[in-house]
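1. need a structure here:
(2 chains)
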Number of protein chains: 2
Amino acid sequence: FYDIFCPPIVLFLTEIKSNRQGMRKVIHSIKAGIALVLVSLLYLLDPLYTQVGQNGMWAIMTVVLIFEFYAGATLSKGINRGIGTLLGGGLGCLAAALAQAVGGAGKAVIVAITVFIFGAAATYSRQVPNIKRKFDYGAMVFILTFNLVVVSGLRAKQVLEIARDRLSTIAMGFAVCLFVSLLVFPIWASDELHDSLVSRFEHLATSLQGFCEEYFGNVDEDEKKKISVDFSSKCKSVLHTKMKDETLVNFARWEPWHGKFGFFYPWGKYLKIGEDLRDLATIILSLKACLMHSSESSTRRRLAKEPCEAIVAQLARMLRELGESVKRMKKCESEDKIVSKLKTVRQEVRLIANLSTVGMNHLEKIDGLGIAS
Amino acid sequence: FYDIFCPPIVLFLTEIKSNRQGMRKVIHSIKAGIALVLVSLLYLLDPLYTQVGQNGMWAIMTVVLIFEFYAGATLSKGINRGIGTLLGGGLGCLAAALAQAVGGAGKAVIVAITVFIFGAAATYSRQVPNIKRKFDYGAMVFILTFNLVVVSGLRAKQVLEIARDRLSTIAMGFAVCLFVSLLVFPIWASDELHDSLVSRFEHLATSLQGFCEEYFGNVDEDEKKKISVDFSSKCKSVLHTKMKDETLVNFARWEPWHGKFGFFYPWGKYLKIGEDLRDLATIILSLKACLMHSSESSTRRRLAKEPCEAIVAQLARMLRELGESVKRMKKCESEDKIVSKLKTVRQEVRLIANLSTVGMNHLEKIDGLGIAS
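-> Numbering: from 1, shown residues only, chains lettered A, B, ... in the order given. You can find the predicted model right below:
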């Protein structure tokens, strides 16, 4: 038995270990398993079961629904669920009391009308972009709780008691999630956002140099095509980061103080730098388009080779330096140096401007980034 | 009472009517309200309540959780929920039976172990990109159902009966969702995808012409800047459509035959054309970058004005024609004409190639699109 199962598992583990993202997925899965077992103890241990009874179901549901990959996501979903349950439960109790006061056949009519009005209104609010981004889950929980409370209020006598019991088990589920998510190998959205931003500087520098090499280098056509596709895809991967950035910033805002990130950390700036980097990626791609289809003669190309390569090398080094300074979260030490260097480079570029006019725009952008960091 | 509430509502409705997207949001909200009221009837009507009892709760939950904006999204979530519940319930019953067979203190241990293993495995599978895209919700429901069934199996005697009752109420909730989503003013993801693709052709044509006008036209600087930002944002909106396209195609695949879309409609091609259009947007943006920073003298610019404007006008017309042919879902009638015209234009461009070398690449792309449609 041992011999059959061990080797593939060991192989799996060593393979996983070599790649960090895969490792984190495994850690998250194990954490989810732990959280589920912990919350199942409400059923498994007799003393706990006598306390909560069937309501333990709500704790299990809470864990399944709010336990997310990033600590910030778990927190935001949990808080959303709490607020949604409280609001929905409160309003549901009021509506149920109103229906009871009317009594008779009017009871059902009042319940139906309130269900329709609150359901439609909350569904509409879920489609407003600002609410959708932050409180989508909360609005859904609100609809669910409101509906359940108001219709059971029609049948059960002790609505308030039911609401209290469910709320306390939901709180238990939330506590289990918080404990496992924040204290056992936490996976922070803020770290992910920070690393992804830093790696984009590197990507852009690499593809900038790659295109230059492709244009001036002496590689044969097939090889060239392969390299070109590779660099283009790196550049394009930077282009398609808008959605991911917005999601991560949203989660990062919820995360408590940890590691190098304090309270009130300026997450909005990450969005701005990300936007600048996407613009830069567009410019680099367009530089490539210009180069690939230019009709320059080979003599002229040979003449331009040296200054161009020097400029590109310098631009790439600057990008890397900026990335490094973002990584260490220090003001770029050589900022003044970079800005003055950029001005020299711009003069040089102007001299050979008829070669590649795109460079200029490019330089201005990097300027902006220098100031942003 | 009537006088106070009516005017703002009428104002609201007339304002909404003027914009189609807003109208659809209101329709969706009203549909959600109707679905909620319908499913609440399980509690409100006595003959129904005696049949389903407290299990009506599961029908309400199902409606709240799976009723989505697009018909395809509702269908895919509903089917996911069904499969997840069946699988989770079945495996949960097996695990509960196994635990019962062991008996004694081993019971709780076996339950804890199965909860951990299935919970961790399903959570891991939710992070595999292919499964995440299509079955994320199903995997979540699987974890939830498995967990609930296996832990209640420890306490309740009639697990199978509970499972059957819940499944039937979930099916009722799904039926209500399907009825309201597909039959009452359905909102199709396929229509949305189709329209958004068609409008992108128009956006690109407009911004191409806009840039040309900006370069050659006699507008003052302030005005220029305003126009430029406007066109750039149009182009950039095309760039950031990747995620939206993928989501919509995913939903569109689930939608049954309706309107002009048959079964086995080639939704994959929409992704491909979308990718081409994004490339084209990059090229147009780079063309703009080249133009804005070119150091052409004004005499040369005046010389180049006429041929360039003619070419851009033709390109824009072609883009619009292609968009129109996609819209009508007909093979572009003038396809041969367009291709041959493109070749003539390319010859012309080659003559004034030193002006704007980007045009060439651009033409090749449109060629590709002509074939794709």
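2. CA atoms for contacts and neighbours, from now on please.
-> Noted.
3. what segments of the stretch 51-200 of chain A are helices?
-> Listed in chain order, the helices of the stretch 51-200 of chain A (DSSP state H, counting those that start in this stretch) span residues A:56-66, A:71-102, A:106-125, A:129-155, A:159-178, A:189-216.
4. chain B is nearest to which of those helices?
-> Comparison of those against chain B by Cα to the nearest Cα identifies helix A:106-125 as nearest, at 4.5 Å.
5. helices and strands around the closest one, which ones?
-> If contacts are counted by 3 or more Cα pairs under 8 Å, 6 or more residues apart in numbering or on different chains; DSSP states H and E, helix A:106-125 sits against helix A:71-102, helix A:129-155, helix B:20-44.
6. ok, the nearest residue to A:N147 once chain neighbours are set aside to B:D165 distance?
-> Nearest non-adjacent residue to A:N147, counting by Cα to Cα, 6 or more residues apart in numbering or on different chains: A:V115, 6.3 Å away. Distance, A:V115 to B:D165, using Cα to Cα, to the nearest Å: 24 Å.
7. A:F216 now?
-> 72 Å.
8. just A:L193 next, same as before
-> For A:L193, the distance to B:D165 equals 45 Å [Cα to Cα].
9. do the same with A:R164
-> Taking Cα to Cα, one finds A:R164 at 26 Å from B:D165.
10. low-confidence bits of the stretch 101-250 of chain A, can you list those?
-> Low-confidence segments of the stretch 101-250 of chain A, defined by pLDDT under 70: A:156-157, A:217-221, A:224.
11. around chain B, which positions in it sit nearby?
-> Residues of the stretch 101-250 of chain A found near chain B (Cα under 8 Å from any Cα of the partner chain) are A:108, A:112, A:115-121, A:123-124, A:127, A:140, A:143-144, A:147-148, A:151-152, A:154, A:240, A:242-243.
12. can you say which of the residues you listed are buried?
-> A:108, A:112, A:115-121, A:123-124, A:127, A:140, A:143-144, A:147-148, A:151-152, A:154, A:240 (16 or more other Cα atoms under 10 Å in any protein chain shown).
13. wait, the residue nearest to A:N147 touches B:V37, no?
-> Yes - look at A:V115 against B:V37 with Cα atoms under 8 Å: they come within range, at 6.3 Å.
14. now the stretch 151-300 of chain A against chain B: closest residue?
-> Closest point on the stretch 151-300 of chain A to chain B, by Cα to the nearest Cα, is A:S286, at 4.5 Å.
15. and the helix or strand harbouring that residue, what's buried?
-> Assigned by DSSP states H and E, A:S286 belongs to helix A:267-292. Within helix A:267-292, the residues scored as buried using 16+ other Cα under 10 Å are A:267, A:270-271, A:273-291.
16. any idea how many residues pack against A:M61?
-> By the criterion of other Cα atoms under 10 Å in any protein chain shown, A:M61 has 21 neighbours.
17. I should have written A:F67 there, sorry.
-> By other Cα under 10 Å, neighbour count at A:F67 equals 27.
18. pLDDT score for the residue lying closest to it once chain neighbours are set aside?
-> Nearest residue to A:F67, sequence neighbours excluded (Cα to Cα, 6+ apart): A:T74, at 5.4 Å. If you check A:T74, the pLDDT there is 93.
19. and the gap between A:T74 and A:R81?
-> 10 Å.
20. quick one, what contacts the residue nearest to A:V151 when sequence neighbours are not counted?
-> Leaving aside its chain neighbours, A:V151 sits nearest to B:Y43 (6.3 Å; criterion: Cα to Cα, 6+ apart). B:Y43 sits next to A:151-152, B:49, B:53, B:56 when contact means Cα atoms under 8 Å, 6 or more residues apart in numbering or on different chains.
21. for A:P186, what are phi and psi?
-> When read as degrees, to the nearest 10, the backbone of A:P186 gives phi -60, psi 140.
22. and for it, nearest residue in space, chain neighbours not counted?
-> Nearest non-adjacent residue to A:P186, counting by Cα to Cα, 6+ apart: A:A71, 6.4 Å away.
23. check contacts around that neighbour.
-> By Cα under 8 Å, 6+ apart, the residues touching A:A71 are A:181-182, A:186-189, A:251, A:255.
24. neighbour count: A:R164 and B:D165, which is higher?
-> Using other Cα under 10 Å, the more surrounded residue of A:R164 and B:D165 is B:D165, with 16 against 13.
25. correct me, but that one touches B:N55?
-> Yes - counting by Cα under 8 Å, B:D165 touches B:N55, with 6.9 Å between them.
26. now the residue nearest to A:F67: how far from B:P47?
-> Using Cα to Cα, we find A:T74 at a distance of 41 Å from B:P47.
27. same thing with A:E324?
-> In terms of Cα to Cα, A:E324 sits 70 Å off from B:P47.
28. neighbour count: those two, which is higher?
-> Comparing A:E324 with B:P47 by neighbour count (other Cα under 10 Å), the higher total belongs to A:E324, at 17 against 10.
29. the strand or helix carrying that one close to chain B?
-> Element membership for A:E324 (DSSP H and E) is helix A:298-328. No - judged by Cα under 8 Å from any Cα, helix A:298-328 stays clear of chain B, getting no closer than 13.9 Å.
30. for the record, mean pLDDT for that helix?
-> In the prediction, helix A:298-328 has an average pLDDT of 77.
31. mind giving me the packing neighbours of it?
-> Counting contacts by 3+ Cα pairs under 8 Å, 6+ apart, helix A:298-328 packs against helix A:189-216, helix A:358-372.
32. helix A:189-216 and that helix, what's the angle between them?
-> Going by axes from the mean of the first three to the mean of the last three Cα atoms, to 10 degrees, helix A:298-328 is angled at 170 degrees with respect to helix A:189-216.
33. quick one: helix A:298-328 to chain centroid distance?
-> Distance, stretch centre to chain centre, for helix A:298-328: 31 Å (Cα atoms, centre = their mean, to the nearest Å).
34. tell me which residue is most central in chain A.
-> Centroid-nearest residue in chain A, with Cα atoms, centre = their mean: A:L248, separated by 2.4 Å.
35. from the contact counts, what lies against the host helix or strand of that residue?
-> For A:L248, the host element (DSSP H and E) is helix A:242-254. Where contact means 3+ Cα pairs under 8 Å, 6+ apart, helix A:242-254 is packed against helix A:71-102, helix A:189-216, helix A:267-292.
36. the first one to helix A:159-178, inter-axis angle?
-> Here the directions of helix A:71-102 and helix A:159-178 differ by 180 degrees (the same axes, to 10 degrees).
37. would you mark the buried spots in helix A:71-102?
-> A:71-97, A:99-100.
38. now the second one
-> Of the residues in helix A:189-216, those buried by neighbour count under the rule 16+ other Cα under 10 Å are A:189-194, A:196-216.
39. other SSEs contacting that helix?
-> Applying 3+ Cα pairs under 8 Å, 6+ apart, one finds that helix A:189-216 makes contact with helix A:71-102, helix A:221-239, helix A:242-254, helix A:267-292, helix A:298-328.
40. got the buried residues for the third one?
-> Of all the residues in helix A:242-254, those buried under the rule 16+ other Cα under 10 Å are A:245-246, A:248-254.
41. phi and psi next, for A:F261.
-> phi -100, psi 120.
42. tell me the contacts of the closest residue to it other than its chain neighbours?
-> Once flanking residues are discounted, A:F261 sits nearest to A:S190: 7.9 Å by Cα to Cα, 6+ apart. By Cα under 8 Å, 6+ apart, the contact set of A:S190 is A:248-249, A:251-252, A:255, A:261.
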